[in-house]
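> Below are the sequence and a predicted model; questions follow.
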Amino acid sequence: MASSFALLDWLTIGGYVGLLVLMGWFFSRKKSENSRDFFLGGNTMPYWVVAVSVLATSQSAATFLGGPDQGYRGNYTYLSTNIGTILAAIFVAKVLIPKFYALKVTTVYELLGDRFNANTMRAAGAMYLVGRVFASGSRLFLAAIAVAMILFSNIDAQSIVIAAFLMMALGFLITFLGGINSVIWSDLIQFIIYVVSAAAVLFVLWQAIPAPADEVFNALRHTPEGQNKLQLFNFAFDFSQPFTMISIVTGLTLLSIGSFGLDQDMTQRVLTCKDEKDGARALLISAVVAIPVVWLFVSIGQLLYVFYDRPDLMGQGVASAATGSFDGEKITIFMSYILNELPAGMRGLVTIGVVAAAVSTINSGLNSMSSVIVEDFYKPWRERRGAPAPDRHYVRAGQISMGVVGIALFLMAVLSFYWQRYTNMPLLNFALSVMVFSYSGLLGVYFTVIFTKRGSHTSVLWALAAGFAVTLMQQDYIVDSLHLPESFKGLAFTWKLCIGTGVAFLVCLAGNDHKKT
């Protein structure tokens, strides 16, 4: 247990956990009469709350820990990725959301069922489930890093396993009780907590640096290693870097289209609005508000660099770790600062900020995956067997499926511990790269459906498989195991997504089924 935690810190954390449980109980008082109420909140959610929920889910622990990690290691180029985010939000708002509302879907994969057949819908839903296990499991791993540092002051395998289990149990409890209503409203609380706590850290860090502002900025602009840490745009044609402008307007825009429009985890929130206009408005607001939020977290990393790596700016009289150097792993530098440098009380506040970001992602993953399992798989299976069930039965089925999903996410978090160690990728790169596995195939399929009249059930299946396989073949561990050319390992994940999407699109295009258009 972190010896640096005072009673006030533990009281703060205890109060936060109590608040989450209370919210889950509050929303559980209004029983969901059917699965649509449980998964879509009866299409009654205010657009501004949905916007915050989308933002909270997209940020998650990946931003809370990965943003400072990116700022400490690199520069501000990650902030420029919001260009791709906004482009993607506009595309989804104008093209996909109207289609979803017109069909009155509960899951986004029902669009494929309308175009082809129910088996096609289920195939896309299955690919989403695989990809969401990858993505949410990796984010659970990032949250486990923080919790392991708090409880055990290390990030050894055993500590990560215990921390991941505790986080999953908390997320499950909240979602099980209240469905999507508790998820979205708790996201609002989580968002406020982690943004306020991050702003407080930035303020304390800035006050702790005695050097004048112009010297700090000059030090960031001209590091001893020759790096400009204030660089915002990177126009280099370097295909090994994910945050160049050419990569942002291609691969990262595709990634955001997949996240906003084809990932039930995110799109489910947009579908809780009363109509397509409110859904589109919520999505666009979340994309714009993300800019200052990302700046906040990357800026923390920039100041952590000054604090730990530039003792010449800290002054000889500063009695802190800044007079020496950071000797831990880069991925834990933000948590090390929280536990060792912040005053009592504030440690607890910032810690619950990390946990809040993580819980927001965990409970959304549980709810969205459960909705796909019930609406696209279990419910049609029951109906085909001629065994109708009351609406409340499907609500209970959704709650049970959350338990199954929770186990899958926990196992993926454990796998992510070893995966990230093997690749040594920065946390943001790692969290984003795992999403490529499912998005490649889904993007190729949906682009075929939206922009052409081609495709068939069979070609969709092959396209989904091709997107996943092409992405898998480009992973470092596969390249090493199969002794493939080393050049396969040099591409940034954004270009791997472009390649996977292109292959999947061509494969899907090969089909030509005119039975349903």
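That came through fine. Residues are numbered from 1 along each chain as shown.
> domains of this protein?
The chain breaks down into these domains under automatic domain parsing: 7-423, 435-517.
> Report the central residue of the chain.
Nearest to the mean C-alpha position of the chain, counting by Cα atoms, centre = their mean, stands S58 at 4.6 Å.
> Now do the SS call for that one.
When classified by DSSP: H, G, I helix; E, B strand; the rest coil, S58 comes out as helix.
> Export the domains of the chain as a markdown table, with columns for distance to N429 and mean pLDDT.
(C-beta placed from N, C-alpha, C; glycine too.) Converted to a markdown table, the domains of the chain look like this (distance: least, Cβ to Cβ, whole Å; pLDDT from 0 to 100):
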| stretch | distance to N429 | mean pLDDT |
| --- | --- | --- |
| domain 7-423 | 6 | 80 |
| domain 435-517 | 7 | 85 |
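> what residues are up against the residue nearest to V204 when sequence neighbours are not counted?
Closest residue in space to V204, ignoring its immediate chain neighbours: L342 at 6.5 Å, by Cβ to Cβ, 6 or more residues apart in numbering. Neighbour list for L342: V201, V204, V350 [criterion: Cβ atoms under 8 Å, 6 or more residues apart in numbering].
> same deal with D238?
Counting by Cβ under 8 Å, 6+ apart, the residues that D238 touches are T244.
> and it, backbone torsions?
phi -110, psi 110 (degrees, to the nearest 10).
> Which strand or helix spans the residue nearest to G171 when sequence neighbours are not counted?
Leaving out its chain neighbours, the residue that sits closest to G171 by Cβ to Cβ, 6+ apart is I362, at 3.2 Å. With secondary structure defined by DSSP states H and E, I362 is part of helix 346-372.
> Who are the packing partners of that helix?
Helices and strands touching helix 346-372, by 3 or more Cβ pairs under 8 Å, 6 or more residues apart in numbering; DSSP states H and E, are helix 7-28, helix 35-40, helix 47-73, helix 118-152, helix 157-208, helix 264-270, helix 333-341, helix 391-423.
> ok and it relative to helix 391-423, angle-wise?
Calculated by axes from the mean of the first three to the mean of the last three Cα atoms, to 10 degrees, helix 346-372 forms an angle of 120 degrees with helix 391-423.
> neighbours around Q268, how many?
27 (other Cβ atoms under 10 Å).
> Same question for R269.
32.
> same thing with A287?
Neighbours of A287 (other Cβ under 10 Å): 25.
> Who are the contact partners of it?
N82, T85, I86, A88, A89.
> how about 7 Å then?
Applying Cβ atoms under 7 Å, 6 or more residues apart in numbering to A287 gives the contacts T85, I86, A89.
> Leaving out the residues flanking it, which one is nearest to the second one?
Read that as I86. A287 (4.9 Å).
> Share the number of residues neighbouring S336, please.
18.
> picking that back up, and of the helices and strands packed on helix 346-372, who's closest to P292?
helix 157-208 (9.1 Å; Cβ to Cβ).
> how far out from the middle of the chain is that closest one?
On the basis of Cα atoms, centre = their mean, to the nearest Å, helix 157-208 sits 13 Å off its chain's mean C-alpha point.
> please renumber so the chain begins at 13
Sure thing, new numbering starts at 13, so read that last one as helix 169-220.
> Now do the helix or strand just after that helix: which elements does it pack against?
Where DSSP H and E defines the elements, the next helix or strand beyond helix 169-220 is helix 225-233. With contacts defined as 3 or more Cβ pairs under 7 Å, 6 or more residues apart in numbering; DSSP states H and E, helix 225-233 has these neighbours: helix 288-321, helix 323-326.
> Now the ones you listed in TSV, please, with extra columns for distance to M179.
Below are the helices and strands packed on helix 225-233 laid out as TSV (distance: least, Cβ to Cβ, whole Å):
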stretch	distance to M179
helix 288-321	20
helix 323-326	34
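> Pick the most buried one from those helices.
Ranked by mean neighbour count under mean count of other Cβ atoms under 10 Å, the helices and strands packed on helix 225-233 are led by helix 288-321, which reaches a mean of 21.
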